[in-house]
Each structure stands twice: as C-alpha cells, then as structure tokens.
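Enquirer: predicted model and sequence below, questions to follow.
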Amino acid sequence: MSAAPHAFDNSHYEEACNQAIAMCDGNLRSTIKALIMANEFLEAELMELQTAISQGCAPPQSQQTENAA
C-alpha cells in the first residue's frame, strides 16, 4: 500500500509574497516589476557562472564550504 501524498505547505511563499508587496507599499505593479528585475539579475549571474565554468574557472568556494572541510 502506498503512502498518502504529503500536503504541500506553501506558507513560506505566501509570507514572501506579502513581504514583497509590503516592500513596494502595496503596489502590485511595482512588486511584479521588482521581481522581474531580480529574476533578470539572477539569470545574468547564472550565465556568467556557466561561462566561467565552461572556460575552466571554478567559482570561489563559499565560507560554509571551507568550514565544512
């Protein structure tokens, strides 16, 4: 007998959404614009990292990784 699927808890997404809207003074258009800009920034950063890795340059290890070693 298979286990019942776990209920998905999206409360952290709800809280993040509420925080983003509050940071934009309740203006939903500004909130969406800010999230699009943040996403574009992260996409650009990812592309830079992928390019560096493909050229054989490894990104520096984070402090947590060094401490774990």
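Expert: Noted; the coordinates are in hand.

Enquirer: what are the buried residues along whichever helix in the chain runs longest?
Expert: Longest helix of the chain, by residue count under DSSP state H: helix 28-54. Of the residues in helix 28-54, those scored as buried under the neighbour-count criterion (16 or more other CB atoms under 10 Å) are residue 31. For glycine as for every other residue, the C-beta is placed from the backbone atoms N, C-alpha and C.

Enquirer: so which elements touch that helix?
Expert: Counting contacts by 3 or more CB pairs under 8 Å, 6 or more residues apart in numbering; DSSP states H and E, the secondary-structure elements packed against helix 28-54 are helix 11-23.

Enquirer: so how far is the helix it packs on from its chain's centroid?
Expert: Its chain's C-alpha centre lies 14 Å from the corresponding centre of helix 11-23 when counted by CA atoms, centre = their mean, to the nearest Å.

Enquirer: for stretch 19-34, same thing?
Expert: Using CA atoms, centre = their mean, we find the averaged C-alpha position of stretch 19-34 to lie 17 Å away from the chain's own average C-alpha position.

Enquirer: pull the number of nearby residues for the closest residue to residue 28 other than its chain neighbours.
Expert: The spatially closest residue to residue 28, leaving aside those adjacent along the chain, is residue 21, at 6.7 Å (CB to CB, 6 or more residues apart in numbering). Neighbours of residue 21 under the rule other CB atoms under 10 Å: 16.
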